[in-house]
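Colleague: Sequence isn't available, so here's the structure alone:
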């Protein structure tokens with residue numbers, strides 16, 4: 001104890017002299033420097049001793065690491081979980097499970113660049129659909145929601161390895177949607193809905209997201225709807241009469257296009273949304289009924305039902321409300 005106290009005192013005095021030295025060079029600065037030295041040394045003692053335990057042995061880092069490795073991860077803080085995974089990777093450089101979990105943790109804590117590096121390292125050792133999907137999702141986050149070519153490659157390979165994994169198919173659909181291929185997007189999302197069991201919350205989430213995206217106009221501002229994320233209502237700067245006329249013309253053009261091509265699933269969803277958000281409830285219900293007549297596969301009907309609920313429309317006769325989207 002005496003040895004530790006002496007060392008602490010010596011360090012405090014040296015630090016105080018170093019800080020006060022410039023003052024001693026000034027004219028009449030010696031007294032000020034002396035007082036400053038004493039004050040700094042005293043402050044150091046007051047900070048150190050209340051919380052210090054100089055007589056207690058320190059805990060070796062190896063013991064801390066061993067404790068973290070043996071601990072139940074659920075009982076650890078986020079920082080401890082990260083240290084545990086890093087320790088596992090240092091001890092077992094080819095531990096792909098630890099690498100994948102570390103990459104996932106880094107991505108979840110907004111350190112996407114390091115996460116990409118760690119996930120790619122895991123994939124160089126062994127391919128895994130889950131790790132490929134995590135890599136693709138991290139790249140999408142890093143690029144502010146854009147499904148880049150690199151992300152698409154990761155999702156495509158993940159989909160090849162495990163077609164039942166829902167995330168790769170969802171993001172492949174999102175990539176197709178971003179490229180303007182709405183039918184391909186609907187196929188990817190429909191395949192997920194078909195694979196998942198009724199009652200699976202992910203099935204309902206996919207249906208709701210697909211309904212929102214596929215019902216948006218292909219160009220121009222999205223038609224406003226209460227609670228949607230599309231932003232301000234379209235034509236907000238126009239005179240109400242002019243805005244109403246433009247919406248009516250757009251709806252008429254869309255209806256004419258669907259008369260020529262009734263297999264345009266996204267077009268029907270857009271028509272339903274356009275009519276519902278412009279106050280044409282009965283016309284929206286009629287369009288919804290026609291769409292459900294045209295597309296009788298379960299995944300497409302689930303997406304149409306999700307759209308009807310999002311718009312506040314009463315489901316048409318024969319359309320059952322799926323348990324997973326209630």
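Modeller: The structure has been received and is ready for your questions. As the structure is a computational prediction, the values presented were derived from the model and not from experiment.
Colleague: Report pLDDT for residue 54.
Modeller: Predicted confidence (pLDDT) for residue 54: 51.
Colleague: ah, wrong one, I meant residue 106
Modeller: 96.
Colleague: Going by neighbour count, list what's buried in the strand or helix carrying it.
Modeller: Element membership for residue 106, per DSSP states H and E: helix 96-108. Across helix 96-108, burial judged by 16 or more other CB atoms under 10 Å covers 96, 98, 99, 100, 101, 102, 103, 104, 105, 106, 107. Where you see a C-beta, it was placed from the backbone N, CA and C, and this is true even at glycine.
Colleague: The second one contacts residue 92, correct?
Modeller: Yes. Distance between residue 98 and residue 92: 6.8 Å, which falls inside the contact criterion (CB atoms under 8 Å).
Colleague: and residue 177, how many neighbours?
Modeller: 21 (other CB atoms under 10 Å).
Colleague: Skipping adjacent residues, who's closest to it in space?
Modeller: Leaving aside its sequence neighbours, residue 177 sits nearest to residue 185 (CB to CB, 6 or more residues apart in numbering; 3.9 Å).
Colleague: one step back: so what secondary structure elements neighbour the helix holding residue 106?
Modeller: helix 78-91, helix 112-125, helix 129-142 (3 or more CB pairs under 8 Å, 6 or more residues apart in numbering; DSSP states H and E).
Colleague: And the first one, what does it pack against?
Modeller: Contacting helix 78-91 under the criterion 3+ CB pairs under 8 Å, 6+ apart are the following elements: helix 61-70, helix 96-108.
Colleague: Any idea which of those has the lowest pLDDT on average?
Modeller: helix 61-70 (a mean of 65).
Colleague: re earlier: what's in contact with the helix holding residue 106?
Modeller: Helix 96-108 has contacts (CB atoms under 8 Å, 6 or more residues apart in numbering) with 78, 81-82, 85-86, 88-89, 92, 112, 114-116, 118-119, 121-122, 125-126, 128, 130-131, 134-135, 137-138, 141.
Colleague: Give me the buried subset of these.
Modeller: Neighbour counting by 16+ other CB under 10 Å classes 81-82, 85-86, 88-89, 112, 115-116, 118-119, 121-122, 128, 131, 134-135, 137-138, 141 among these as buried.
Colleague: tally of neighbours for residue 273?
Modeller: Neighbourhood size, residue 273 [other CB under 10 Å]: 29.
Colleague: go on, the one 4 residues further on?
Modeller: Per other CB under 10 Å, the neighbour tally for residue 277 reads 21.
Colleague: How much space separates residue 165 from residue 123?
Modeller: 15 Å (CB to CB, to the nearest Å).
Colleague: Check residue 90 too.
Modeller: Distance from residue 90 to residue 123, by CB to CB: 19 Å.
Colleague: In terms of neighbours, single out the busier of those two.
Modeller: Set residue 90 next to residue 123 and count neighbours by other CB under 10 Å: residue 123 wins out with 20 against 11.
Colleague: which non-adjacent residue is nearest the more buried one?
Modeller: Nearest to residue 123 is residue 131, by CB to CB, 6+ apart, at 5.7 Å.
Colleague: ok, the one you found - contacts?
Modeller: Applying CB under 8 Å, 6+ apart, the residues contacting residue 131 are 96, 100, 103, 119, 122, 123.
Colleague: Pipe the residues you listed into TSV and attach distance to residue 156 per row.
Modeller: Shown next, in TSV, are the contacts of residue 131 (distance: CB to CB, whole Å):
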residue	distance to residue 156
96	20
100	19
103	19
119	16
122	18
123	14
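Colleague: From the residues you listed, pick the one nearest residue 257.
Modeller: Distances from residue 257 to these, taken as CB to CB, are shortest for residue 119 (43.3 Å).
Colleague: show me where the stretch 151-300 of the chain has helices.
Modeller: Under the criterion DSSP state H, counting those that start in this stretch, helices of the stretch 151-300 of the chain are mapped to 166-178, 182-195, 201-214, 240-260, 265-277, 281-294, 298-310.
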